[in-house]
Structure formats: structure tokens, C-alpha cells
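Trainee: got a sequence here, can you model it:
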Amino acid sequence: MTPGPQRRATLAGKVAALRQAAAYPEATTRVDAVETHMSWVFLTDAHAYKLKKPVRFDEQDFRSAARRRFYCQEELRLNRRLAPSVYLDVVPLARCADGGLRVGGEGAAVDWLVKMRRLPADAMLDALLARRAATPAQMRGVAARLAEFHRRQDRAPLDAAGYRALLLRHIAEYEQELSAAFGALPLARVAALCARQRALLDRLGPCLDARVASGRIIEGHGDLRPEHVHLGEPPAIIDCLEFSRELRWLDGADETGFLALECERAHAAALGQALLQAWQQAAGDDVPPGVVHFYQSCRACARARLAVRHLREARYRGSPAWRRRAMRYLALAHRHLREAEATLAPAAR
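Mentor: Next up, the predicted model:
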């Protein structure tokens, strides 16, 4: 089936249609709709269907149906690496003869959706962390899954200089956005933090170069957060960053350290440490602690950047929640930066 015209198929119209049980090929007792920054997700009894919004943000341009279809296919391909039984298909949203919109209908496709097996929300890592129910054994299972995944991925097409340049570009990008955060964040603190990160990157340069040379920089998941980790047997890791290959170029220690950072933010730092230690053992990677702390400091700033983006939206501008989240991430960035600096030998200072 090829994409057809989007005659009268506005986003609001698609969302309204997909809220109805009759829009789906399988019987369902209800449909729950969840809006995210980039998508709408519709939950039937057995499945989840993701509809990408026709928006453009930085690296993401989903304004045409053709591009949304392409990125749905990329989402399917990439996520089958870590959750093959979850990601099922890319299906059309079609306009049928009666004028209605149906998933997998016989008419012209007006949009495309990723079809997934629905996972139980109470078995996701974020839910278990909130209930204080996650265990070190579960974290070791996630670590083993990640280490296997990282071993199988292609190396990123970066030499040592290219990898350092990529890290510097990330620092510059989040510094610029955090510094322009509508007065919500202390400007001098952001500038000082990022300056210290750049200095630390220079001091860690030989170690980072060695990691490039040993093939540790790969094309990974790119967005490894607790809400993306299903603690089943085996663990399934979903919702990778599909829209930018460059943002998936990372060190496996960076990716794992990010999930450990998110555990720390959820007041489960010991579980984050268990994850990191188990990953290092499974991966056979004796990455220096200073490198991991440096990565975690940078990741915390990147997450602060995403938090302050909400301050641009009218519905969030009056709420202090996103500013508090950004400040929490900045505190974590400072803590891990101090830890990284403390690990350097006196001769390297």
C-alpha cells in the first residue's frame, strides 16, 4: 500500500479516530491515549500503536507522511535489536470507503503507525524504582543484555578526533540552550559547569582516544531510560532514538552510565552502581571511573536541556516542575563532574 492524500486527515482527526475501539483490527475493551512530545500512543488491550506528530524539532522532521513512514520503519528496525518480540509491524492508517479512518484499512493510507505488543506498565523499570521493588539481580540481567547488545553493534564511523569533536559539540549545544532558558537557570553556573566539562574532556583525551581505538564507540540505543526497560525474561529495551544516527554513536559505558544516572535520580543509586559493575564485568571493560563520571555529567546536562524545553510551551511555563527537574539534573552534573575530577591522578592535574 502506498501513501495516499491526507484529505481532511488532520492530526486532531486522526487522534479522535484512534481513540475509538472500532478503528482497530482486533477487538478491545478500551483504548487509552497517551500524548508525548513527539507522538501519540494508543493502547488497546493487547497492543500499542504509535502515531508520530507532524512536527519539526532540531534533528527531527516528521512533517510529511513519507518521512513519518520512513521513521516508523526505522523505529521498527532499530528496536528489534533489543526487543524483537515487542515491535511487530508498521501499519497504515487508511481512509475507508465510508470516510472513516481505520488501522490497516483497505483505503488510501493517510498516515503510518508502529504496532507493538503492549507491555505491562508495572513491569517497567521506572515503575519498579518508584515502588522500591527493583532488585540487583534484575539490574544484572539488564547489564548482561546491554553488554551482549553492545558487543554486536557496528563501530561508529569516528576516529579519535571525530569522537572528541562530537562530545564537544554536544557540550556546546546544551550549554547554548541551557543558557537561554528564559532566566530559569543560573547562567554563570551553567557556563562554569560546561567550561569544566571541556577541560576534563581534554584531560581525559588519551583515555577516550584509546576507547575509540579499541572499538568501544558503537551505534547504540541512544535514549536508555528506566521507562524504556521492561524487566521480563529476558529484559526488553524499547523506544530507541530512531531519528538521528549520530545521536546513537556513543560509548557503551556512556549508555550504561546514563541508565545508572537515571536510577540515581530515582533515589536508587545503589542499583545504578550494581548495573554499572555488572555491565563492566559482562562486557570485559575496565573503563576508568573518571570516564564514566564525565559521561554522566554530560548526560545530566543533556537531560536538563530537555527539561527546560518545556518552559517554552505555554501549558508548562507557569509550572515550577520542569525548572525543578532541570536543577536536579544540574546538581547531578556537578556531582559527577567533581567525582571525575577527583579520580584523576595528581600528575595529570
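Trainee: show me what contacts the nearest residue to Leu128 once chain neighbours are set aside?
Mentor: Excluding its sequence neighbours, the residue lying closest to Leu128 (CB to CB, 6 or more residues apart in numbering) is Ala134, at 4.0 Å. (Each C-beta comes from the backbone N, C-alpha and C, glycine too.) With CB atoms under 8 Å, 6 or more residues apart in numbering as the criterion, the residues that contact Ala134 are Leu125, Leu128, Leu231, Ala268, Leu271.
Trainee: what's the helix or strand hosting the second one packed up against?
Mentor: Per DSSP states H and E: Leu128 is located in helix 125-130. Contact analysis of helix 125-130 by 3 or more CB pairs under 8 Å, 6 or more residues apart in numbering; DSSP states H and E lists helix 136-152, strand 229-230 as its packing neighbours.
Trainee: looking at those, which is buried most?
Mentor: With neighbours taken as mean count of other CB atoms under 10 Å, the helices and strands packed on helix 125-130 reach their highest mean count in strand 229-230, at a mean of 24.
Trainee: thinking again about what came up before, out of the contacts of Ala134, which comes closest to Cys207?
Mentor: Nearest to Cys207 among those: Leu271, at 26.4 Å, using CB to CB.
Trainee: format the contacts of Ala134 as a markdown table; extra columns: distance to Leu51.
Mentor: A markdown table is the format used below for the contacts of Ala134 (distance: CB to CB, whole Å):
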| residue | distance to Leu51 |
| --- | --- |
| Leu125 | 25 |
| Leu128 | 28 |
| Leu231 | 27 |
| Ala268 | 33 |
| Leu271 | 34 |
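Trainee: looking at those residues, which is nearest Cys301?
Mentor: Ala268 (21.1 Å).
Trainee: which secondary structure state is assigned to the residue nearest to Leu128?
Mentor: Local secondary structure at Ala134 is given as coil here, using DSSP: H, G, I helix; E, B strand; the rest coil.
Trainee: Leu88 too?
Mentor: Secondary structure of Leu88, reduced to three states by three-state DSSP: strand.
Trainee: contacting residues for it?
Mentor: When contacts are counted by CB under 8 Å, 6+ apart, Leu88 touches His47, Lys115, Met116, Arg117.
Trainee: so the last one is in contact with Ser85, correct?
Mentor: Which is Arg117. Yes: contact criterion CB atoms under 8 Å: Arg117 and Ser85 qualify, at 6.6 Å.
Trainee: more neighbours: which of those two?
Mentor: Set side by side, Arg117 and Ser85 show unequal neighbour counts under other CB atoms under 10 Å, the larger going to Arg117 at 14 against 11.
Trainee: any stretches of this structure with poor pLDDT?
Mentor: For the chain, applying pLDDT under 70 flags the ranges 1-8, 58-59, 182-184, 314, 316, 318, 345-349.
Trainee: and the helices in it?
Mentor: 11-18, 65-79, 125-130, 136-152, 160-179, 187-203, 205-213, 252-265, 269-283, 289-309, 314-317, 321-343 (DSSP state H).
Trainee: tilt between the fourth one and helix 269-283?
Mentor: For helix 136-152 and helix 269-283, the angle between their directions (axes from the mean of the first three to the mean of the last three CA atoms, to 10 degrees) works out to 40 degrees.
Trainee: ok now helix 136-152, how far from the chain's centre?
Mentor: Helix 136-152 has its C-alpha centroid displaced from the chain centroid by 17 Å (CA atoms, centre = their mean, to the nearest Å).
Trainee: what sits up against that helix?
Mentor: Residues lying outside helix 136-152 but in contact with it, judged by CB under 8 Å, 6+ apart, are 81-82, 125, 128, 218, 220-221, 224, 229, 231, 233-235, 237, 252, 255-256, 259, 263, 270-272, 274-279, 281-283.
Trainee: write the ChimeraX selection for whichever of those are buried.
Mentor: Isolation of the buried members of the contacts of helix 136-152 (16 or more other CB atoms under 10 Å) is achieved in ChimeraX through the command below:
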select :81,82,125,128,218,220,221,224,229,231,235,237,252,255,256,259,263,271,272,274,275,276,278,279,282,283
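Trainee: and Glu219, how close does it get to Val114?
Mentor: Taking CB to CB, to the nearest Å as the measure, Glu219 falls 20 Å from Val114.
Trainee: between those two, which has more neighbouring residues?
Mentor: The neighbour comparison of Glu219 against Val114 (other CB under 10 Å) goes to Val114, with 25 against 19.
Trainee: ok, the nearest residue to Val229 once chain neighbours are set aside to Arg225 distance?
Mentor: Excluding its sequence neighbours, the residue lying closest to Val229 (CB to CB, 6+ apart) is Leu125, at 3.9 Å. When distances are taken as CB to CB, Leu125 and Arg225 turn out to be 8 Å apart.
Trainee: what do you get for Val190?
Mentor: 23 Å.
Trainee: neighbour count: these two, which is higher?
Mentor: Taking Val190 and Arg225 together and counting by other CB under 10 Å, Val190 has the greater number of neighbours (23 against 17).
Trainee: for Ile52, which residues are in contact?
Mentor: Not quite, residue 52 is Lys, not Ile. For Lys52, counting by CB under 8 Å, 6+ apart, the contacting residues are Met38, Ser39, Phe62, Arg68, Tyr71, Cys72, Trp112.
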